[in-house]
Structures are given as structure tokens and as C-alpha cells.
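# please work out how this folds:
(2 chains)
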Amino acid sequence: DAGVIQSPRHEVTEMGQEVTLRCKPISGHDYLFWYRQTMMRGLELLIYFNNNVPIDDSGMPEDRFSAKMPNASFSTLKIQPSEPRDSAVYFCASSLSPRSGSNYGYTFGSGTRLTVV
Amino acid sequence: RKEVEQDPGPFNVPEGATVAFNCTYSNSASQSFFWYRQDCRKEPKLLMSVYSSGNEDGRFTAQLNRASQYISLLIRDSKLSDSATYLCVVISQGGKLIFGQGTELSVKP
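Residues are numbered from 1 along each chain as shown, chains lettered A, B, ... in the order given. Modelled structure (predicted):
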């Protein structure tokens, strides 16, 4: 089991550039989540998908952020244009469908550390 | 008010000490509860689930009080390797995991 795979591991970009973060969920998981983590705000849920359909994007900070899931094995989070305040670690996680009392096999990827200068 | 609140710490304790972390949640409809551990510059990983009757896993004991909307984690005989950030996690209706800010633990020799 390869786990949730994110790329790149590190990204340094200049302000104004487009940034694309990628995620491959665990095969068979039908939920996919994008989180952002900073020292000030902790882990924030940005958006999540169920069966490739966006369910809740209320955590997406602004229109510069967009996420897609074209198929069950791939998702992207795009920031255009990027700003220094977007610097953070972005985590992708995937899980099975919710069942009471279970964490649904909720697994995080290793994260992408984004620095916008 | 944040949906899940924790004391950020840091908690600095000597090896062998017992340490307790607390967490409160605001949504009474929350369905499931967990503690996650996050090491520096790593992803969060599941430590243990929290059940209404309380549950234990070796040196770790988790408790849930639904009436008070309160969750706790007790670590006995702490080890140097327990140093990490401990995240209280609540699953809301719809399956969203909501994380607390985390409590930092540092175990010293």
C-alpha cells in the first residue's frame, strides 16, 4: 500500500506565479480532503470531495484557490496568482465512507511545503 | 469560537511523568472523536479513537464526556519518543475531520 502520495514535497515560487499541488489518494478511498497547516491557524480544511465531486469548499480562502478531481486517482490544488501569505504546508488526505466509530482509514499524505517569496 | 479547542502548551515534562491533555468541541452533533499525533515536519497520524466508555492503549488512555463536550488524553510513564504535537479531532456530520490547534508535548530526560 503506497499510501497517499503528494507532489512536489517542496515548492518555492515567486509571488504572482501559478502553483499546482498534486495528490494521489489510496486506491478504493472515495473521499479526498485538502488541508492547509500554518503555525498561526493550525490545520484548516480547504475542500473535500466524495466520488470525485466537490462537497464542501467553504474553507477555500479566496478565488485564487481552486481544486479539481478529474478521476478517482488524482486531484490538484491550484493557486493562481500565489502570494507570500499562501506559504504553508498543504496536506492531502483520503478515506473510506463515514462509518460511526471508525476513522474510515483516514490517511494523510506527507504534505507539500510551499514557500512563496 | 473554534469548533475544537485545545490548550496549545507547550507541556514540558520529565521522563516517566504522567501528562493529561484536554479538548472541548462546540458541535453537539459531532459523531466520532480521535487523537492524532504529529511529529515535527511530518503528517498527522492516528494515535487512537475515543469511545464513550473510555479506552486504553498501553500507556495511553482516552476519555469522552458527551454531556460536557470534552475529550481527554492521558499519557502515563512518558517517554522521550512521546515528544510531539497531539491533535484532538472531531468528525462532524458528513464526515469532515475538524482538528484542534494541537498541544505540544516535550519530554525531557
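
# immediately after the least confident helix or strand in chain B by mean pLDDT, which helix or strand?
Using mean pLDDT, DSSP states H and E, the weakest-scoring helix or strand in chain B turns out to be strand B:97-99, at a mean of 86. Sequence-wise, the next helix or strand downstream of strand B:97-99 (DSSP states H and E) is strand B:103-108.

# give the other helices and strands that that next one contacts.
When contacts are defined as 3 or more C-beta pairs under 8 Å, 6 or more residues apart in numbering or on different chains; DSSP states H and E, strand B:103-108 sits against strand B:11-14, strand B:19-25, strand B:84-91. Quick note: C-beta positions are derived from backbone N, CA and C, even for glycine.

# try it again with 7 Å
With contacts taken as 3 or more C-beta pairs under 7 Å, 6 or more residues apart in numbering or on different chains; DSSP states H and E, strand B:103-108 sits against strand B:11-14, strand B:84-91.

# adjacent strands (with direction) for the shortest one?
Pairing partners of strand B:11-14, with direction, according to DSSP bridges: strand B:103-108 (parallel).

# output the partner strand as PDB, restricted to C-alpha atoms.
Provided in PDB are the C-alpha atoms of strand B:103-108 (Å, rounded to 0.1, in the frame of the first residue of the first chain):
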ATOM      1  CA  THR B 103      -1.000  20.500  22.100                       C
ATOM      2  CA  GLU B 104       2.800  20.400  22.000                       C
ATOM      3  CA  LEU B 105       4.500  17.900  24.400                       C
ATOM      4  CA  SER B 106       8.200  17.900  25.100                       C
ATOM      5  CA  VAL B 107       9.500  15.000  27.300                       C
ATOM      6  CA  LYS B 108      12.900  15.700  28.800                       C
END
